[in-house]
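J.: okay, here's the prediction I keep looking at, along with the sequence it came from:
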Amino acid sequence: MFTRFKWFELALSCCVIGSVLAAPATAQSCLAITPATYTINFGNVAIGTTTLTHDIEVVNLCSPVVKVTSFTMPSTPEFLFLGGWAPVNLTEGTNMIFEIRFAPAAAQTYTGTATVNVEGYSPIVVSMSGTGFAADAVPSWSASSLTFGNVSLGTTSAPQSVTLKNTGTKGVTISDVYANPPFSVAFSGQENLKAGGSLTFPVTFSPSFAGSFNGTLVVTSNNWPPTGVTLYGTAVAPSTLAITNFPTLPVVTQGATYLAQLQSINGIGTVTWSLAAGSILPPGLSLSSTGSITGTLASTEPVGDYPFSVTATDSSSNSATLQLTLPVQKPTGANCNNIDWDVTGTTTPMIPLTDLGTGTYLGAEGGLYLNGSNVMPSSHDADGVSLAQSIQPLDANGNPDPSGKYALISMGMSIAFDTYQKFMQNAGADPSVNPNLVLVPGAQPRLGAVDWANLKSPAWVDTFNYFLPQSGVTAKQVVAAWVESVDANPHGSFPGDMTTLQSEFETAAQLLHTEFPNLKLAFFSSREYAAYENGLAHPGDKEPYAYETAFAVRGMIEDQLNGVAAMNYNPANGPVVAPWVAWGPYIWANGLIAREDGLVWPCYYFETDGQHPSPTTGGSLQDANMLLNFMKTDDATAPWFLAPSAK
């Protein structure tokens, strides 16, 4: 959960990392430092863009305890401090990483130093430099949005094309182009876009259930900030039998167990499934007559996309055929055979709260709100909408100012940290987002709910010393928060762990109110699926704890709904001590068992520890897109999150 800056064990015979500091004469030096040269050169970077992260890492190789007492980062805003904290005690074989990026504001060379102080050792002083340059590459889109109207389930829309032109005087390298399901975009790979040149991207919409959808086409490059186009889609139910799966199925991992359930709509009686003539599945997988693709993929099966077609036939001999694609990827190191988690030891897997309804888990009823419902009580919703509509730009002192800003801050641990970084990239590319809104990345690796419930924690120190100033806002301009925060390595049981976690949530909500005097709204999410770490050597907050964290979120919200004074947000009911709280996106699904809206968590989406959704293989992107879609569509967020023209 918050071991992204991992507490990892090292084999001392092979773990020289960088150079070792000169230790006091009376003690063996037990520190390994990266970078070995004590210098970081970010190179030439286009104005308005941000580099990849560079790390300063401190590792305790052999001492029982090494204390990192403090650190300082450059005061210039061009060097962005992202993560790391002190004081912290490093036991033998553990580390602390301080993450820094470079974001030049002008065409000049910047220098700065970062210092980490370790008790008993000389200060670690790392010199940093980087040069900004005017990219002279300017993105221009043929349209700011694409709308796909009334697309029938079981079909893929005709492609709509949008063109990106470089109207600048120099070229740019397009590094990535992506959109999240049910939207997809065709992009063959890295492209060079010369001055005056253009690229056209065909986008399609393939809905799996009826309703309205909101997405973003995002383009990243080497020398302009992320840019993109807003995507809208409306799906309608068909009148005949149709297969409703998104055309690209969840990723299957080499050598791992797999499950994908095919879905249909409007079938009469029993629907029977089969492979279409000429189609085959990769070795080890098979399709049942009930529509389940199961088995263990051969470990030798090459990486790639495998197309095949399936046919659904109902009892009246109506049939539908759809071409699907099965992506095959290499193992990440996570336990990919935990495709679903069975907490009870029976054949009944856990059910997402959004699907559980009035059913129970260990005696606790499902649903995000009261009585097994996923719908917020109308009076609470009305209060949230009223508060959302009252949000306006503020100056640094918190006074209304049409040219001012307001901020959404994240709070949480490493998963929230990774999600929010990707969320900021996607939101920055989406033209429908309000230009007065500032996104402040407050979440910190290794700092869980117990830390956010303590104002003296480094979580709060970093927020006020670095994250707010770097974002160009003050505490009085923060109006909303998104929170995903739990505790590491719980040792209790349900519901005891959740009672503790709920108490920490409520304390954190109270601190949000006192430390950000204009904060009105706080949205809480529980954990993602975490069973892919079950069975690994050093698990963190594995299942069923990750699933159970939703009950702590719900308990906190229920306290506010029930009028508990410690969560009061309404001045008519007494002293205000907390913001209005509600669910953010509910992001748990049981591995490859699709929940009712189709969400799954393939193993390939996770890092080697099996618990962190990966920023590089799709996990953080799935999280970030769920968060972005929530912010753009919820009635208590859309009034201030969206630009006036997008509402």
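T.: That came in fine, so what should we check first?
J.: how many residues are close by the closest residue in space to residue 507 that isn't next to it in sequence?
T.: Take residue 507 and drop its neighbours on the chain: the residue closest to it by C-beta to C-beta, 6 or more residues apart in numbering is residue 453, 3.9 Å away. Yep, even glycine has a C-beta here, placed from its N, CA and C like the rest. Counted with other C-beta atoms under 10 Å, the neighbours of residue 453 add up to 21.
J.: equivalent analysis for the one 4 residues further on, please.
T.: Residue 457 is surrounded by 18 other residues when neighbours are defined as other C-beta under 10 Å.
J.: check the gap between it and residue 306 for me.
T.: Here residue 457 is placed at a distance of 48 Å from residue 306 (C-beta to C-beta, to the nearest Å).
J.: isn't the residue nearest to residue 507 up against residue 511?
T.: Yes: judged on C-beta atoms under 8 Å, residue 453 makes contact with residue 511 at a distance of 7.3 Å.
J.: tell me the secondary structure for the residue most central in space within the chain?
T.: By C-alpha atoms, centre = their mean, the mean C-alpha position of the chain lies nearest to residue 419, the distance being 2.3 Å. In three-state terms, and counting by DSSP: H, G, I helix; E, B strand; the rest coil, residue 419 is helix.
J.: using PDB, list the CA coordinates for stretch 313-324.
T.: Extracted in PDB, the C-alpha atoms of stretch 313-324 (Å, rounded to 0.1, in the frame of the first residue of the first chain):
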ATOM      1  CA  THR A 313     -26.800 -18.400 -29.500                       C
ATOM      2  CA  ASP A 314     -30.000 -18.200 -27.500                       C
ATOM      3  CA  SER A 315     -32.800 -20.700 -27.100                       C
ATOM      4  CA  SER A 316     -34.700 -19.300 -30.100                       C
ATOM      5  CA  SER A 317     -31.600 -19.800 -32.400                       C
ATOM      6  CA  ASN A 318     -30.900 -16.100 -32.500                       C
ATOM      7  CA  SER A 319     -27.100 -15.500 -32.700                       C
ATOM      8  CA  ALA A 320     -24.600 -12.800 -32.400                       C
ATOM      9  CA  THR A 321     -20.900 -12.900 -33.300                       C
ATOM     10  CA  LEU A 322     -18.200 -10.500 -32.100                       C
ATOM     11  CA  GLN A 323     -14.400 -10.300 -32.700                       C
ATOM     12  CA  LEU A 324     -12.400 -10.000 -29.500                       C
END
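J.: residues touching residue 242, list them.
T.: 152-155, 264-266, 320 (C-beta atoms under 8 Å, 6 or more residues apart in numbering).
J.: of those, closest to residue 424?
T.: Nearest to residue 424 among these is residue 153, at 32.7 Å by C-beta to C-beta.
J.: give me the nearest residue to the closest one, chain neighbours excluded.
T.: Here the residue nearest residue 153, using C-beta to C-beta, 6+ apart, is residue 244, at 4.8 Å.
J.: could you check how far that neighbour is from residue 151?
T.: 12 Å.
J.: who's in contact with residue 179?
T.: 185, 203, 215-218, 231.
J.: okay if I get those as a markdown table plus distance to residue 607, secondary structure and pLDDT?
T.: A markdown table is the format used below for the contacts of residue 179 (distance: C-beta to C-beta, whole Å; DSSP: H, G, I helix; E, B strand; the rest coil; pLDDT from 0 to 100):
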| residue | distance to residue 607 | secondary structure | pLDDT |
| --- | --- | --- | --- |
| 185 | 25 | strand | 96 |
| 203 | 29 | strand | 97 |
| 215 | 25 | strand | 95 |
| 216 | 24 | strand | 97 |
| 217 | 26 | strand | 97 |
| 218 | 22 | strand | 97 |
| 231 | 28 | strand | 97 |
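J.: and the strands in the stretch 51-200 of the chain, which stretches?
T.: When secondary structure is read from DSSP state E, counting those that start in this stretch, the stretch 51-200 of the chain shows strands at 54-60, 65-72, 79-83, 88-91, 95-102, 109-118, 124-133, 139-141, 145-152, 160-166, 172-178, 183-185, 191-193, 198-205.
J.: dump the ones you listed into JSON lines; add distance to residue 38 and mean neighbour count as well.
T.: Formatted as JSON lines, the strands of the stretch 51-200 of the chain follow (distance: least, C-beta to C-beta, whole Å; neighbours: other C-beta atoms under 10 Å):
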{"stretch": "strand 54-60", "distance to residue 38": "9", "mean neighbour count": "22"}
{"stretch": "strand 65-72", "distance to residue 38": "14", "mean neighbour count": "18"}
{"stretch": "strand 79-83", "distance to residue 38": "15", "mean neighbour count": "23"}
{"stretch": "strand 88-91", "distance to residue 38": "19", "mean neighbour count": "16"}
{"stretch": "strand 95-102", "distance to residue 38": "13", "mean neighbour count": "22"}
{"stretch": "strand 109-118", "distance to residue 38": "10", "mean neighbour count": "18"}
{"stretch": "strand 124-133", "distance to residue 38": "5", "mean neighbour count": "18"}
{"stretch": "strand 139-141", "distance to residue 38": "38", "mean neighbour count": "16"}
{"stretch": "strand 145-152", "distance to residue 38": "48", "mean neighbour count": "17"}
{"stretch": "strand 160-166", "distance to residue 38": "39", "mean neighbour count": "18"}
{"stretch": "strand 172-178", "distance to residue 38": "30", "mean neighbour count": "18"}
{"stretch": "strand 183-185", "distance to residue 38": "43", "mean neighbour count": "22"}
{"stretch": "strand 191-193", "distance to residue 38": "36", "mean neighbour count": "16"}
{"stretch": "strand 198-205", "distance to residue 38": "42", "mean neighbour count": "18"}
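J.: now residue 619: how far from residue 542?
T.: Going from residue 619 to residue 542 by C-beta to C-beta gives 16 Å.
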